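Asker: A structural model of the following input is requested.
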Amino acid sequence: MKNLKRLVILDLGNNEISGAIPPWIGESNPLLRILRLRSNMFYGSVPWQLSQLSHLQLLDLAENKFVGTIPESFAYFRSMRQSDIMQPVLTINIRSTTFGYFYNGSTDIVWKGREHTFKGRDAFVTGIDLSSNSLSGEIPLELTNLRGIQFLNMSRNHLSGGIPKDIGNLKLLESLDISRNKLSGPIPPSISNLIFLSSLNLSNNLLSGEIPTGNQLQTLDDPY
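Answerer: The predicted structure is shown next:
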């Protein structure tokens, strides 16, 4: 797989693959936009080298056995930092000697608590899913630089510390799930700045203090 320099999508989800993620993926597959390894038996730490995938727009490592901390370098996913430009459409061009046709790629992810298939232009939803692993430590403050990210799921881990106070910087965030961890302290007031937020789950933590109000938070039908 080191030789697949033009690989755009790698989907090995829902198998029984074990072992560690090879760190060379970040250097050997520079054009990857979708990396989906969910529901396997990968273990060990999440390699920081994945942050070398400057085109990556969807990282799904949910439901594995990863341990250790979330790499701070994930803040450098370039395609997830951009909030002022439209993401391109993924088109897989399949040609033969006599005709050619185009296939708009699709991918299945857990979106706002439900499995959803994204196709064509919608296939370029940007997000990170690290749920249902055994990750520990704090949520890196650097992740608040991902101003173009649309969903973030770090639920069902062993994360501790507080919710980053600048979480409101994630202006395009539509779904945030950090439930079932060991997070403590107040809910940052800046969370009310997430004007596109439609799904929020902070349940089963050790949070305290007042619940922020205002803006998009007032529109949630069933806030956790």
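
Asker: ok, Phe66 - contacts?
Answerer: Counting by Cβ atoms under 8 Å, 6 or more residues apart in numbering, Phe66 touches Phe42, Tyr43, Gly44, Ser45, Val46, Leu130, Asn133, Ser134, Leu135. Bear in mind the C-beta positions are built from the backbone N, C-alpha and C, glycine included.

Asker: gap between it and Leu10?
Answerer: 17 Å (Cβ to Cβ, to the nearest Å).

Asker: how about Gly137, secondary structure?
Answerer: At Gly137 the chain is in strand, as set by DSSP: H, G, I helix; E, B strand; the rest coil.

Asker: and the pLDDT for the residue nearest to Leu50 when sequence neighbours are not counted?
Answerer: Leaving aside its chain neighbours, Leu50 sits nearest to Gly26 (5.2 Å; criterion: Cβ to Cβ, 6 or more residues apart in numbering). pLDDT for Gly26: 90.

Asker: phi, psi of the residue nearest in space to the middle of the chain?
Answerer: Nearest residue to the geometric centre of the chain (Cα atoms, centre = their mean): Ile128, 0.6 Å. With angles defined as degrees, to the nearest 10, Ile128 sits at phi -130, psi 130.

Asker: so where is this structure shaky, pLDDT-wise?
Answerer: 83-124, 214-224 (pLDDT under 70).

Asker: please repeat the previous calculation with a cut-off of 80.
Answerer: Counting by pLDDT under 80, the chain has low-confidence residues at 82-125, 213-224.

Asker: for it, what spans make up the helices?
Answerer: Using DSSP state H, the helices of the chain run over 25-28, 78-81.

Asker: and the closest residue to the residue nearest to the centre of the chain other than its chain neighbours, how many neighbours?
Answerer: For Ile128, ignoring the flanking residues on the chain, the nearest one in space by Cβ to Cβ, 6+ apart is Leu59 at 4.9 Å. By other Cβ atoms under 10 Å, the residues close to Leu59 number 24.

Asker: now Glu138
Answerer: Residues near Glu138, counting by other Cβ under 10 Å: 14.

Asker: neighbours around the closest residue to it other than its chain neighbours, how many?
Answerer: Nearest residue to Glu138 in three dimensions, chain neighbours excluded: Gly161, at 3.5 Å (Cβ to Cβ, 6+ apart). With neighbours defined by other Cβ under 10 Å, the count for Gly161 comes to 14.

Asker: return the most buried member of the helices of the chain.
Answerer: Scoring these by mean neighbour count under mean count of other Cβ atoms under 10 Å gives helix 78-81 as the most buried, with a mean of 19.
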